[in-house]
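>>> Prediction below, plus the sequence it came from.
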2 protein chains.
Amino acid sequence: MKIAVDAMGGDYAPAVVVEGAVWAAREFDVPIILVGDKARIEDELKKHDRQGLPISVLHTSQVVGMEESPGQAIRRKKDSSIKVCFDLVKSGEASAVVSAGNSGAAMAAGIFVLKNLKWVERPAIAVIMPTKKDPVIVLDAGGNVDCKPIHLVQFALMGSVYARYILRKDVPKIGLLSNGEEEGKGNELTRETHEILKDSSFNYLNYVGYVEGRDIFAGDLDVVVCDGFVGNVVLKVTEGVAEAFTSMLKKEIMGSVPAKMGYLLAKGALEKVKKKVDYAEYGGAPLLGLDGIGIISHGASNAKAIKNAIRVAIECTKHKLNRHLLEELEKNQDLQKLCTRTPVGYAEEGT
Amino acid sequence: MKIAVDAMGGDYAPAVVVEGAVWAAREFDVPIILVGDKARIEDELKKHDRQGLPISVLHTSQVVGMEESPGQAIRRKKDSSIKVCFDLVKSGEASAVVSAGNSGAAMAAGIFVLKNLKWVERPAIAVIMPTKKDPVIVLDAGGNVDCKPIHLVQFALMGSVYARYILRKDVPKIGLLSNGEEEGKGNELTRETHEILKDSSFNYLNYVGYVEGRDIFAGDLDVVVCDGFVGNVVLKVTEGVAEAFTSMLKKEIMGSVPAKMGYLLAKGALEKVKKKVDYAEYGGAPLLGLDGIGIISHGASNAKAIKNAIRVAIECTKHKLNRHLLEELEKNQDLQKLCTRTPVGYAEEGT
């Protein structure tokens, strides 16, 4: 097993990416190929003790920026670090890719180079989110903005497999994100999807029905399914609320002496909660449904987030996640046949 | 000015509704008509000192439950408290309605009895949310799940007027909620809406373009526009994250003695922040676009939330909000003509 890491992807690349990769190579003892500008990567490597660590470097001349149109960039920049990472998986030289760069470009490169898994109309980004109890998987978290029922049904199937093998849930509970739990709720897309998923003859899937935005954080669900537009809103709103709450609390505390003293005493607890809701702890979200393993990480990833994204890549490889995805999708062919609407092409970002 | 209050609406009706109404009548010195089961309302009124307060009671024999289909319920229950409230506005006996009951039913009754304002395809629920700085208006927060560009354009116009008169912003900044700020982002609906709104010839509207979920809480926007499905998700996710964060913090704190002491000292600050993010402080969300004023309140409203919802009803009446809405919509006729797609009927809930 070798992991290809896009050394040029992310807000603090290549520095934190190289640091995270060195950390991962030491902690997990897995060979890593750092892909990108060789000179810059070597400069960063010099800052760390890489003695005896299984790290190699593969030079590429191009980088896809955060503002570039994903599809165009991938077609034009054949020697970009992200595309070459996927080439390594295609040729069998690497077993997975990790990137904190432009996530649309990672998705586009994945589809372009590896193609989709059989049965998959569109790959989805599966993000793990913290809750009051166990973490929950939310997908699609931004890959596909305009979806059809077939896509959401496949997201449910793929999310279920991911929860089984990565979160170790025997019978993952799956909810469909809606604007209320009652039958009459939902929009056109969720109503159609709900009709398909609730069919009781498909008992492979533990579908519990409509769930609301607040149910995500209660911790009673393992998988929450939605389209990528809504999933992105969920992710960003969560970040925004957590940040605003912390910032308001600090401001209020700094305005009073007893509160300031209290803060010093309670600081450890606040730090622990912040750590709990910290994306860096999870590190990576798989692009579920590619014929190969691709893990993306937050653009603002620090070294720890990169290290943990590499851990996710290792776990997905070890658990043969894609073989299980194929089995699940094949087992539920009838469910997919119920999706009457013709699937359309990939969203702009994914082409 | 008289305010009709749906005494039977909300999880704790009629007790907290009557309490909130008594509080409002005393604080704002405005006549209130409590609409619902007379015997139960009188029983609640006995618990308070209503001496000299301008409160009257109007008996109705029916109630719309939270689980009922809004459209059907309004058509069948002609003597329901919520429908009769709107009848009072229609006949001129009341100037506004306040209800904490089934919000779909309130919207349906509003449309059924009062009809829409001229120029308005669909009324929207406009919710005020706390941010790091000034509050922001998010609409639609749940009235219309499947929207067309014309609806979002009208939400932008109506939200702008609401921000001007109720939040006192001279030139409200309006953002369109999307999955990223770059031009290539968005789904079919937001891309079409963005094309229309960004047209520079319509300079009445201070449209700043795409905004993300986290921008809502930064406090640099006055109005955030989205469809009602997404708006509901935003609202519920916000509630869920704030609750999970507080609950995690308390749990962490109670596990350590110094943290417990710290909590006692910092408690005041935490309470202040909780108050800041508390919906009860804002209390009511107007159904913007009805030919009359209707304010809905959270189902879990306490007496303070009811009192504040009545305050919002008074402010909307005093500021002649609907006259200003009409003017703004009329002034921007050309903008609406740009919406090429034919508007469809109301969502299931609104009929």
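Yep, it's here. Numbering: from 1, shown residues only, chains lettered A, B, ... in the order given.
>>> residues touching the closest residue to residue A:333 other than its chain neighbours, list them.
Sequence neighbours aside, residue A:119 is the residue nearest to residue A:333 in space, at 7.6 Å (criterion: C-beta to C-beta, 6 or more residues apart in numbering or on different chains). All C-beta atoms are positioned from the backbone trio N, CA, C, and that covers glycine. For residue A:119, the contact set (C-beta atoms under 8 Å, 6 or more residues apart in numbering or on different chains) comprises A:154, A:326, A:329, A:330, A:333, A:336.
>>> Mind pulling up the pLDDT for residue A:119?
Listed pLDDT for residue A:119 reads 87.
>>> Check for me that it belongs to a helix.
No - Residue A:119 is assigned coil when assessed by DSSP: H, G, I helix; E, B strand; the rest coil, not a helix.
>>> Most neighbours among the contacts of residue A:119, which one?
Counting neighbours by other C-beta atoms under 10 Å in any protein chain shown, residue A:154 leads those with 31 neighbours.
>>> Secondary structure class of it, three-state.
helix.
>>> can you tell me which residues contact it?
Residue A:154 touches A:119, A:120, A:121, A:122, A:124, A:289, A:329, A:336, counting by C-beta under 8 Å, 6+ apart.
>>> now residue A:196
Residue A:196 touches A:149, A:153, A:335, A:338, A:339, counting by C-beta under 8 Å, 6+ apart.
>>> if we go to 6 Å?
A:149, A:153, A:338 (C-beta atoms under 6 Å, 6 or more residues apart in numbering or on different chains).
>>> My read is that the first one contacts residue A:336, right?
No - with contacts counted by C-beta atoms under 6 Å, residue A:149 stays clear of residue A:336, the gap being 9.7 Å.
>>> if we can go back for a sec, which one of the contacts of residue A:196 sits closest to chain B?
residue A:149 (14.3 Å; C-beta to the nearest C-beta).
>>> number of nearby residues for that closest one?
Residue A:149: 23 neighbours (other C-beta under 10 Å).
>>> any idea of the pLDDT on it?
Reading off the model, residue A:149 has pLDDT 93.
>>> Restricted to helices, list the contacts of residue A:119.
A:154, A:326, A:329, A:330, A:333, A:336 (DSSP state H).
>>> so can I have TSV of those showing pLDDT?
Putting the ones in helices among the contacts of residue A:119 into TSV (pLDDT from 0 to 100) gives the following:
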residue	pLDDT
A:154	94
A:326	94
A:329	89
A:330	88
A:333	80
A:336	74
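>>> from those residues, which two are the most distant?
A:326 and A:336 (13.1 Å; C-beta to C-beta).
>>> for chain B, what are the nearby residues on the stretch 1-150 of chain A?
By C-beta under 6 Å from any C-beta of the partner chain, the residues of the stretch 1-150 of chain A that approach chain B are A:69, A:132, A:142, A:145, A:146.
>>> Would you verify that the second one is located in a helix?
The one in question is residue A:132. No - Residue A:132: not assigned to a helix; according to three-state DSSP it is coil.
>>> OK, contacts around it?
A:219, B:244, B:247.
>>> Name the SS class of the first one, please.
When states are read from three-state DSSP, the local structure at residue A:219 comes out as coil.
>>> Would the longest helix out of those in chain A count as contacting chain B?
Across chain A, the longest stretch assigned as helix under DSSP H is helix A:228-254. Yes - against chain B, helix A:228-254 shows contacts by C-beta under 6 Å from any C-beta at A:229-230, A:232-234, A:236-241, A:244-245, A:247-249, A:252-253.
>>> Remind me which helix or strand the residue of the stretch 1-150 of chain A found nearest chain B belongs to.
Here the residue of the stretch 1-150 of chain A nearest chain B is residue A:145; by C-beta to the nearest C-beta that distance is 4.1 Å. Counting by DSSP states H and E, no helix or strand carries residue A:145.
>>> My read is that it contacts residue A:229, right?
Yes - applying C-beta under 6 Å, one finds residue A:145 in contact with residue A:229, separated by 4.4 Å.
>>> okay, and the common contacts of those two?
residue B:187.
>>> These two - which one has more neighbours?
Under the criterion of other C-beta under 10 Å, the comparison of residue A:145 against residue A:229 puts residue A:229 first, with 29 against 26.
>>> OK, contacts around that one?
Counting by C-beta under 6 Å, 6+ apart, residue A:229 has contacts A:145, B:179, B:187.
>>> Start and end of stretch A:172-191, how far apart?
22 Å (C-alpha to C-alpha, to the nearest Å).
>>> Only the buried residues of that stretch, if you could.
A:172-180, A:185-187, A:189-191 (16 or more other C-beta atoms under 10 Å in any protein chain shown).
>>> Off-centre distance for that stretch?
Mean-position distance between stretch A:172-191 and its chain equals 22 Å (C-alpha atoms, centre = their mean, to the nearest Å).
>>> Repeat that for stretch A:298-313.
That offset, for stretch A:298-313, works out to 11 Å (C-alpha atoms, centre = their mean).
>>> tell me the mean pLDDT for that stretch?
On average, stretch A:298-313 scores 93.
>>> touching chain B at all, it?
No - using C-beta under 6 Å from any C-beta, stretch A:298-313 stays clear of chain B, coming no nearer than 11.3 Å.
>>> what's that stretch in contact with?
By C-beta under 6 Å, 6+ apart, stretch A:298-313 touches A:3, A:10-11, A:16-17, A:19-20, A:23-24, A:96, A:98, A:100, A:279-280, A:283-284, A:295, A:297.
>>> Can you flag which of those belong to strands?
A:3, A:96, A:98, A:295 (DSSP state E).
>>> Among those, which one has the most neighbours?
That'd be residue A:98 among the ones in strands among the contacts of stretch A:298-313, by other C-beta under 10 Å, with 35 neighbours.
>>> hang on, isn't it packed against residue A:2?
No - counting by C-beta under 6 Å, residue A:98 stays clear of residue A:2, with 11.5 Å between them.
>>> Endpoints of stretch A:180-198, how far apart?
16 Å.
>>> Spit out the contact partners of residue A:259.
A:253, B:266, B:269 are the contacts of residue A:259 under C-beta under 6 Å, 6+ apart.
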